[in-house]
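A.B. asks: sequence first, then the predicted structure, then my questions.
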Amino acid sequence: MESLLTTCQRLSNVTIRCHDGLVSSHKIILAGVSPCIKRILSGIPVGDEVTIIMPDFRSCHLQSFLVALMEDPVVS
């Protein structure tokens, strides 16, 4: 799954800037994590790239979270 995530970085439309690096993701994945994030991202026009600044997070921790999210999504 990690290699898939790395390959998909070219196609991502969200860049998350952590205090030690960048993590790429997709609006649809992030919108699925939180209703609040979904509302924020839904207001951004399709095709626009997004940068989220999260200075309190390490990129390796965020990357691990995204991999875990895609491997074993929580169904509510």
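C.D. replies: Yep, it's here.

A.B. asks: please count neighbours and contacts with C-alpha atoms only from this point.
C.D. replies: Noted.

A.B. asks: and the next element down the chain from the lowest-mean-pLDDT helix or strand in the chain?
C.D. replies: Every helix and strand of the chain was ranked by mean pLDDT, DSSP states H and E. The lowest is helix 2-7, at a mean of 57. With elements assigned by DSSP states H and E, the helix or strand that comes after helix 2-7 is strand 14-18.

A.B. asks: dump that following strand to CSV, restricted to CA.
C.D. replies: Extracted in CSV, the C-alpha atoms of strand 14-18 (Å, rounded to 0.1, in the frame of the first residue of the first chain):
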residue,chain,number,x,y,z
VAL,A,14,-3.6,18.1,-1.6
THR,A,15,-0.2,18.9,-0.2
ILE,A,16,0.2,18.7,3.6
ARG,A,17,3.1,20.7,4.9
CYS,A,18,4.4,19.2,8.2
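
A.B. asks: strand partners (parallel or antiparallel) of the helix or strand following it?
C.D. replies: Note on strand 14-18: by DSSP H and E, the next helix or strand toward the C-terminus is strand 21-25. Here strand 21-25 has these sheet partners by DSSP bridges: strand 14-18 (antiparallel).

A.B. asks: just say helix, strand or coil for residue 48.
C.D. replies: Here residue 48 is recorded as coil under DSSP: H, G, I helix; E, B strand; the rest coil.

A.B. asks: how many neighbours does residue 64 have?
C.D. replies: Residues near residue 64, counting by other Cα atoms under 10 Å, number 11.

A.B. asks: could you say which helix or strand holds it?
C.D. replies: helix 59-71.

A.B. asks: then that helix to PDB, C-alphas only?
C.D. replies: The C-alpha trace of helix 59-71 is given here as PDB (Å, rounded to 0.1, in the frame of the first residue of the first chain):
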ATOM      1  CA  SER A  59       5.500  13.900   8.000                       C
ATOM      2  CA  CYS A  60       6.300  10.200   8.800                       C
ATOM      3  CA  HIS A  61       3.400  10.100  11.300                       C
ATOM      4  CA  LEU A  62       1.000  11.600   8.900                       C
ATOM      5  CA  GLN A  63       2.100   9.300   6.100                       C
ATOM      6  CA  SER A  64       1.600   6.300   8.400                       C
ATOM      7  CA  PHE A  65      -1.900   7.600   9.300                       C
ATOM      8  CA  LEU A  66      -2.900   7.900   5.700                       C
ATOM      9  CA  VAL A  67      -1.500   4.400   4.900                       C
ATOM     10  CA  ALA A  68      -3.400   2.900   7.800                       C
ATOM     11  CA  LEU A  69      -6.600   4.800   6.800                       C
ATOM     12  CA  MET A  70      -6.500   3.300   3.300                       C
ATOM     13  CA  GLU A  71      -5.600  -0.200   4.400                       C
END
